[in-house]
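>>> Build me a model:
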Amino acid sequence: MNRSPADFKMAGSLRAQQGGIVLVRQTSSQNLQQWVDADPFVMQSIVTAEILDVAPAHAEERMRFLLD
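Next comes the predicted model:
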């Protein structure tokens, strides 16, 4: 499997060392779960991952592509 889904958009750390975030757009739930499960940190139980499905309603002009 590819290291990231085709519609990978962004990754980064959350402030105050509370973990990280990966933003992925329009990929299948199965593909995303496989990608998360293949992460070495997840595989070694160093981190746990939570997948949240977001339905964006508003976006700044440069981010409107996320609404499609």
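>>> Find the residue closest to Phe8 in space, skipping its chain neighbours.
Spatial nearest neighbour of Phe8, excluding adjacent residues (CB to CB, 6 or more residues apart in numbering): Val24 at 5.5 Å. No exception for glycine: its C-beta is placed from N, CA and C like everyone else's.
>>> Can you give me the distance of the one you found to Val36?
Plainly put, Val24 is 10 Å away from Val36 if you go by CB to CB, to the nearest Å.
>>> Likewise for Glu50?
9 Å.
>>> Looking at the two, which one has more neighbours?
Val36 (17 against 6; other CB atoms under 10 Å).
>>> Quick one, grab the pLDDT at the more buried one.
pLDDT, Val36: 89.
>>> show me what contacts it?
By CB atoms under 8 Å, 6 or more residues apart in numbering, the contact set of Val36 is 42, 49, 51.
>>> now do 6 Å
Val36 is in contact with Ala49, counting by CB atoms under 6 Å, 6 or more residues apart in numbering.
>>> Assumed it was part of a helix.
Yes. Applying DSSP: H, G, I helix; E, B strand; the rest coil, one finds Val36 inside a helix.
>>> Any idea what Ser13 is bridged to?
When bridges are called by DSSP bridges, Ser13 pairs up with Gly20.
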